[in-house]
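Engineer: My questions concern the predicted model and sequence given below.
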Amino acid sequence: MTVFDIETLLNLNGEIFPMENGYWTKFEAYQVEPSKQIPHGIKYSLSLHDRNNTRIIGFDNAHAIKRKRKKYGARKITWDHKHQKEQITPYEFETAGQLLVDFWAAVETFLGE
């Protein structure tokens, strides 16, 4: 198993990788001051696009996500989330390495459909 770290993620900043069938991936990642919304101090956007430049999959923390109101329950403060076509779901950021593993797993799952 390959182990990725924060330097691996940061070194991918600005990279675009063409893939089969016209798909391509784009990486943005840089360090920022930690905050409530970005406690790990990494601003990131990892995305898979189709040949029409439509984002198919994306992992990012560029903005808050609107959550369905729950009568009782904790409110998520961090901005980490995943886009799968039109659906947005929370993403639990563990490490930069796990983010890369999760992103590539989602890409492989989608391309294998």
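Structural biologist: Cool, the structure landed. Quick caveat, the model's predicted, so the values are computed rather than measured. Numbers count the residues shown, from 1 in each chain.
Engineer: quick check: mean pLDDT across the helix or strand harbouring Leu10?
Structural biologist: Secondary structure assigned from DSSP states H and E places Leu10 in helix 6-11. Regarding helix 6-11, the rounded mean pLDDT is 94.
Engineer: List of residues touching that helix?
Structural biologist: Phe27, Ala29, Tyr30, Gln31, Ile42, Tyr44, Thr95, Ala96, Gly97, Leu99, Leu100 (Cβ atoms under 8 Å, 6 or more residues apart in numbering). Placement of C-beta: from N, CA and C, glycine included.
Engineer: Can you name the element that comes right after that helix?
Structural biologist: Assigned by DSSP H and E, the successor of helix 6-11 is strand 16-18.
Engineer: That following strand pairs with which strands?
Structural biologist: strand 24-31 (antiparallel) (DSSP bridges).
Engineer: Residues contacting the helix or strand following the partner strand, please?
Structural biologist: Remark: after strand 24-31, the chain's next helix or strand is strand 42-49, criterion DSSP H and E. For strand 42-49, the surrounding residues in contact (Cβ under 8 Å, 6+ apart) are 6, 9-10, 19, 23-32, 55-62, 83, 96, 99-100, 103, 106-107, 110.
Engineer: Counting by contacts, list what the longest helix along the chain packs against.
Structural biologist: Among the elements of the chain assigned as helix by DSSP state H, the one spanning the most residues is helix 96-112. When contacts are defined as 3 or more Cβ pairs under 8 Å, 6 or more residues apart in numbering; DSSP states H and E, helix 96-112 packs onto helix 6-11, strand 42-49, strand 55-60.
Engineer: among these, which is the most enclosed?
Structural biologist: Highest mean neighbour count of the helices and strands packed on helix 96-112: strand 42-49, a mean of 20 (counted as mean count of other Cβ atoms under 10 Å).
Engineer: what mean pLDDT does that strand have?
Structural biologist: 97.
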